[in-house]
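# Sequence and predicted structure are below.
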Amino acid sequence: MPSSTSSSEPRALGVAWLLAVVLAAVVLFALDRHGRGLGMPAGLIDSMQLWSIQRDRVYGEDPEPVVFIGASRSAYGIDPKTWRSLLPQTKPVMLSLNGRHPIALLRDLAADPEFRGLVVCDVDTHGLLQRWWDMQQEYVDYYHQRWNLNWRVHRLALNAWQRASVLANPALGWKAGLQRWVEGGTVYIPVTRIDSNRSGEILFDRFDPAASAKAFDDDAERKMREPRPTVDEFMADARQIQVWVKQIQDRGGDVVFFQPPVSGRVEALEHEYFDRASYWDAFAALDGIHALHFDDVPAMRRLETPDHSHVRPQLRPELTRLLAEELARRRWLDATTTGVR
């Protein structure tokens with residue numbers, strides 16, 4: 001007959017494990033409440049893995065991929081859901097990266113024999129210069145060299161964890177906490193929000209837009225003090241970009257270069273530093289190049305940009321609609337049987 005001691009051991013072990021799980025859950029819940037009390041929201045954090053999931057979606061022909069590449073002005077200005085409602089036969093893919101000009105990604109898509117979609121490239125004249133071409137190369141290299149199914153599964157699981165708890169934010173980790181304790185700092189509260197499709201918005205109520213506008217203006221002033229490339233130097237860079245555009249067009253795809261609306265000294269950079277006729281318009285005149293400047297769409301010029309560089313979140317659907325309508329009007333996309341006029 002089994003002894004009472006041996007039969008009680010598994011039961012005691014099970015109780016111990018149950019208590020450990022309950023205790024861990026209570027501690028995690030308390031830490032989560034503390035993080036939220038500091039103002040930290042739960043939500044997705046962008047990464048190379050999240051970007052790579054979208055990079056996987058650029059293929060196919062039905063629906064046609066429309067790939068948005070660029071920096072923050074399209075990442076926080078274009079609304080893929082609005083685009084899809086206007087153009088249901090297309091598949092919007094958001095690959096723009098905050099603070100990084102996109103030519104490295106354009107070059108990568110041009111070299112990809114399987115890509116045949118439409119690229120909408122958010123870039124200003126400054127971003128067309130060769131000195132800035134490699135700003136997104138780190139992401140391109142990650143995708144081709146390290147991205148695999150294991151990382152995809154990891155990122156999808158991380159999405160669920162980040163949505164559920166603020167503890168998934170590294171800003172609340174022990175290393176960041178120790179650094180704040182040593183330096184006497186406070187926890188950084190994100191001023192942007194991002195969805196799993198990498199569409200995002202800037203939360204202007206969480207910071208001072210006037211101070212941000214001054215920072216963007218100061219940066220524009222600094223750029224205007226740099227040596228300006230000659231028109232010949234600029235056009236040499238532009239003609240190489242033209243080669244990559246033609247590679248995409250030869251496979252049945254296309255590229256549209258788009259300058260989203262800006263204001264203040266950021267806008268002045270385009271008018272005072274780069275004479276539009278000599279730079280942007282000369283680029284737009286190259287064979288096969290489609291280039292849209294917000295100056296050409298009066299309704300875009302009227303959109304409010306509180307920090308001189310990005311539209312308010314409420315205006316994202318309007319900017320998206322205006323862009324879709326203008327591309328359809330110029331016949332740079334097929335708007336048949338859609339809500340685009």
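Yep, that arrived.
# Please, which helix or strand holds the residue nearest to residue 284 when sequence neighbours are not counted?
Spatial nearest neighbour of residue 284, chain neighbours left out: residue 291 (3.6 Å); criterion: CB to CB, 6 or more residues apart in numbering. For glycine as for every other residue, the C-beta is placed from the backbone atoms N, C-alpha and C. For residue 291, the host element (DSSP states H and E) is strand 290-293.
# So which elements touch that strand?
For strand 290-293, the elements it packs on are strand 254-259, helix 280-284, helix 316-329, judged by 3 or more CB pairs under 8 Å, 6 or more residues apart in numbering; DSSP states H and E.
# Give me the buried positions along the shortest one.
For helix 280-284, a neighbour-count test (16 or more other CB atoms under 10 Å) marks 280, 282-284 as buried.
# Which neighbouring elements make contact with it?
On a contact count with 3+ CB pairs under 8 Å, 6+ apart, helix 280-284 meets helix 231-250, strand 254-259, strand 290-293.
# residues in contact with the longest one?
In this case it means helix 231-250. Here helix 231-250 makes contact (CB atoms under 8 Å, 6 or more residues apart in numbering) with 103, 106-107, 109-111, 115-116, 119, 125, 128-130, 229, 254-255, 278-279, 282-283, 286-289.
# Can you verify residue 46 is assigned to a helix?
No - going by DSSP: H, G, I helix; E, B strand; the rest coil, the assignment for residue 46 is coil, not a helix.
# how about CSV for the helices and strands packed on helix 280-284, with mean pLDDT and distance to residue 92 added?
CSV is the format used below for the helices and strands packed on helix 280-284 (pLDDT from 0 to 100; distance: least, CB to CB, whole Å):
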stretch, mean pLDDT, distance to residue 92
helix 231-250, 98, 17
strand 254-259, 97, 13
strand 290-293, 97, 17
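# who wins for proximity to residue 20 among the ones you listed?
Closest to residue 20 of the helices and strands packed on helix 280-284, according to CB to CB: strand 254-259, at 55.1 Å.
# I'd like to check the angle between that closest one and helix 316-329, please.
Computed with axes from the mean of the first three to the mean of the last three CA atoms, to 10 degrees, the direction of strand 254-259 lies at 130 degrees from that of helix 316-329.
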